[in-house]
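**Student:** Need the 3D shape of this:
(one chain, ligands or ions: 1)
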Amino acid sequence: MGKAAAVGTAVVVCAAVGTAVVLGRRRRRRDAELLGAAEAERKKKVAAVIEDVERTLATPTALLRGISDALVLEMERGLRGDMHSQLKMLISYVDNLPTGPSVGDEHGLFYALDLGGTNFRVLRVQLGGREKRVAKQQYQEVSIPPHLMVGTSLELFDFIAAVLAKFVETEGDEFHLPMGRQRELGFTFSFPVNQLSISSGTLIKWTKGFSINGTVGEDVVAELSKAMERQGLDMKVTALVNDTVGTLAGGRYMDNDVVAAVILGTGTNAAYVEHANAIPKWTGLLPKSGNMVINTEWGSFKSDKLPLSEYDKALDFESLNPGEQIYEKLISGMYLGEIVRRILLKLAHDAALFGDVVPAKLELPFVLRTPDMSAMHHDASHDLKILGSKLKDIVGVADTSLEVRYITRHICDIVAERGARLAAAGIYGILKKLGRDKVPTDGSPMQRTVVALDGGLYEHYKKFSSCLEATLSDLLGDEASSSLVAKLANDGSGIGAALLAASHSQYADIY
Ligand SMILES: Nc1ncnc2c1ncn2[C@@H]1O[C@H](COP(=O)(O)OP(=O)(O)O)[C@@H](O)[C@H]1O
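**Tutor:** Modelled structure (predicted):
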């Protein structure tokens, strides 16, 4: 009995265990089914967000052509001086560019200072005339402490002048300043300026994350000159140029066929050589050259044709300059990584991309910088290892699945491709404005056209630059694109500013 009972009990126990096993298995199956359903639902949400991103950021060729046409119309309005024009089309007062490899008369010691983004550069060159050209150059790059980007004008210019003064102290014997002469400087200042002459201009507004009280409306050359005086530095600013204008000048010094310069760095902008008689707002004498360099300030272009997504609108709304610099916010290095972050955040919130908890770090604006986006985008390893470790560092999620990594790379691809294609549409617009977008109908040969490009985004983000070039070829067609050269003008703006300082030197007639 006892035994039987025991056996019975044992049987009962076994039966209970059996039931538990069966129930457990069922629950696991049900859990698995539920999990599977939840996972399928999550994947569906991921796919829906991605589809929406692909749709709203799409840039089909026909749209790009429409954007180029809208840009050309805005360029014309700006050249007429239309108050409502989005493009300032600023007159640079540079009507004569350094004259190319066959001439190149400029000589002497000149300095350049380039302020326009997160870093600024000081440079000195010894120009050796026709024979030696750029005989010797040295430069130093210093990053601007973030608090100075939103501090006071005085602090910013004092900081810059102090770095410049230290740099001048390191000038070696290989640089020659004739006795009794003052050192001269080309000041590259890459914010919109109302130029009053080649060596003066008032700031219209700060962009690219700078927001400093008390500079708007002031002559930036006077601000710099006063700061140099405070440092005891005896130097005269003989040319104030935008970085696009400097790049154009530097580019033309190297290649006579350079007609435009485009910057793709923290921000974006373009300058080109316009026929002076195509600038209705120019009221001065017609320059001898017949030309005038125009700084388009194209970053402020906006059009209802631009593919703005919810992410762009939110980024703009929360930016230091809402409603402004819309084209720049779709294209430039300051913003691309941030757009990717916003899309990943949406995927984290709506589709639990990084698990049930949204990573806190992903909520931080600008935590994902464009160089990191570029590194993730270029990861070609089979397991996207670099991308995984970037996500770990930036987002704080240690073990991301291959699926998450592929999705992240795809988002980088969509955002970079849109930026590059929109930038190509802008260049195509300038070429159209210059009539260099088509093979001439009168049978004459197509002129060689060179566009000088500079900026960290163009230089280092290879998928971006190759997409830009491919899109430009596509827009131009085979024949016209075979005459176009896109040339990297590495720090062309520094040399360009020094060259313009030389051609506008107070001693120009003596040289
Ligand atoms: N490896 C990279 N990949 C993508 N973008 C980059 C890379 N390196 C730099 N950049 C972008 O270029 C910008 C710097 O551009 P640069 O022309 O050097 O200076 P500026 O700040 O004066 O525009 C950075 O803010 C960044 O957005």
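
**Student:** where along the stretch 201-350 of the chain do the helices fall?
**Tutor:** In the stretch 201-350 of the chain, the helices defined using DSSP state H, counting those that start in this stretch lie at 220-230, 243-254, 310-317, 326-331, 333-351.

**Student:** any chance of these in JSON lines, with mean neighbour count, distance to Phe167 and mean pLDDT too?
**Tutor:** Where C-beta positions appear, they are placed from N, C-alpha and C, glycine not excepted. Putting the helices of the stretch 201-350 of the chain into JSON lines (neighbours: other CB atoms under 10 Å; distance: least, CB to CB, whole Å; pLDDT from 0 to 100) gives the following:
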{"stretch": "helix 220-230", "mean neighbour count": "19", "distance to Phe167": "12", "mean pLDDT": "97"}
{"stretch": "helix 243-254", "mean neighbour count": "30", "distance to Phe167": "18", "mean pLDDT": "92"}
{"stretch": "helix 310-317", "mean neighbour count": "16", "distance to Phe167": "36", "mean pLDDT": "98"}
{"stretch": "helix 326-331", "mean neighbour count": "25", "distance to Phe167": "30", "mean pLDDT": "98"}
{"stretch": "helix 333-351", "mean neighbour count": "23", "distance to Phe167": "26", "mean pLDDT": "97"}
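
**Student:** Touching, Leu344 and Leu353? I think so.
**Tutor:** Yes: taking contacts as CB atoms under 8 Å, Leu344 lies within contact range of Leu353: 6.8 Å.

**Student:** What residues does the stretch 351-500 of the chain have near the ligand?
**Tutor:** Thr370, Pro371, Ser374, Gly455, Gly456, Leu457, His460, Tyr461 (CB under 6 Å from any ligand atom).

**Student:** Pull out the buried members of those.
**Tutor:** Among these, those scoring as buried are Thr370, Ser374, Gly455, Gly456, Leu457, His460, Tyr461 (criterion: 16 or more other CB atoms under 10 Å).

**Student:** List the contacts of the fifth one.
**Tutor:** In other words, Leu457. Leu264, Gly265, Ser332, Gly333, Leu336, Thr370, Phe464 (CB atoms under 8 Å, 6 or more residues apart in numbering).

**Student:** Now do the helices in the stretch 351-500 of the chain.
**Tutor:** According to DSSP H, counting those that start in this stretch, the helices that the stretch 351-500 of the chain contains are 370-377, 385-395, 402-433, 456-460, 462-481, 492-503.

**Student:** Just name the most buried of these.
**Tutor:** Highest mean neighbour count among these (mean count of other CB atoms under 10 Å): helix 492-503, with a mean of 30.

**Student:** Which elements pack onto that one?
**Tutor:** strand 107-115, strand 119-128, strand 134-143, strand 183-189, strand 235-241, helix 243-254, strand 449-454 (3 or more CB pairs under 8 Å, 6 or more residues apart in numbering; DSSP states H and E).

**Student:** swap the cut-off to 10 Å and go again
**Tutor:** Where contact means 3 or more CB pairs under 10 Å, 6 or more residues apart in numbering; DSSP states H and E, helix 492-503 is packed against strand 107-115, strand 119-128, strand 134-143, strand 183-189, strand 235-241, helix 243-254, strand 258-264, strand 449-454.

**Student:** In CSV, list the ones you listed along with distance to Leu34.
**Tutor:** Converted to CSV, the helices and strands packed on helix 492-503 look like this (distance: least, CB to CB, whole Å):
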stretch, distance to Leu34
strand 107-115, 59
strand 119-128, 53
strand 134-143, 52
strand 183-189, 62
strand 235-241, 65
helix 243-254, 58
strand 258-264, 49
strand 449-454, 54
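
**Student:** The ligand contacts on this protein?
**Tutor:** Applying CB under 6 Å from any ligand atom, we find that the chain lies next to the ligand at 116-119, 265-266, 333-334, 370-371, 374, 455-457, 460-461.

**Student:** same thing but at 8 Å, please
**Tutor:** Residues of the chain found near the ligand (CB under 8 Å from any ligand atom) are 114, 116-120, 190, 208, 243, 263-267, 332-334, 336-337, 369-371, 373-375, 454-457, 459-461, 464.

**Student:** Is whichever residue of the stretch 51-200 of the chain sits closest to the ligand in a helix, a strand, or coil?
**Tutor:** Proximity of the stretch 51-200 of the chain to the ligand (CB to the nearest ligand atom) peaks at Gly117, 2.0 Å away. With DSSP: H, G, I helix; E, B strand; the rest coil as the basis, Gly117 sits in coil.

**Student:** Name the nearest residue to the residue in the stretch 401-511 of the chain that the ligand sits nearest to, ignoring sequence neighbours.
**Tutor:** Residue nearest to the ligand within the stretch 401-511 of the chain (CB to the nearest ligand atom): Gly456, separated by 2.5 Å. Distances taken as CB to CB, 6 or more residues apart in numbering put Gly265 closest to Gly456, at 4.8 Å, once the chain neighbours are dropped.

**Student:** In contact with Thr207, which residues?
**Tutor:** Contacts here follow CB atoms under 10 Å, 6 or more residues apart in numbering; on that basis Thr207 touches 116-117, 190-192, 266-267, 269, 297, 299-300, 320-321, 324-325, 328, 332, 334.

**Student:** in the stretch 1-150 of the chain, which spans are helices?
**Tutor:** 2-56, 61-80, 129-132, 146-149.

**Student:** Dump those helices to TSV, plus mean neighbour count.
**Tutor:** As requested, the helices of the stretch 1-150 of the chain are exported to TSV (neighbours: other CB atoms under 10 Å):
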stretch	mean neighbour count
helix 2-56	12
helix 61-80	18
helix 129-132	12
helix 146-149	13
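
**Student:** Glu310 reaches Asp350, doesn't it?
**Tutor:** No: assessed by CB atoms under 10 Å, Glu310 is found out of contact with Asp350, at 11.8 Å.

**Student:** low pLDDT regions in the stretch 51-200 of the chain?
**Tutor:** 99-104 (pLDDT under 70).

**Student:** related to what we said a few turns ago, can you redo the contacts of Leu457 as JSON lines with distance to Ile67?
**Tutor:** JSON lines is the format used below for the contacts of Leu457 (distance: CB to CB, whole Å):
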{"residue": "Leu264", "distance to Ile67": "16"}
{"residue": "Gly265", "distance to Ile67": "21"}
{"residue": "Ser332", "distance to Ile67": "16"}
{"residue": "Gly333", "distance to Ile67": "20"}
{"residue": "Leu336", "distance to Ile67": "18"}
{"residue": "Thr370", "distance to Ile67": "22"}
{"residue": "Phe464", "distance to Ile67": "18"}
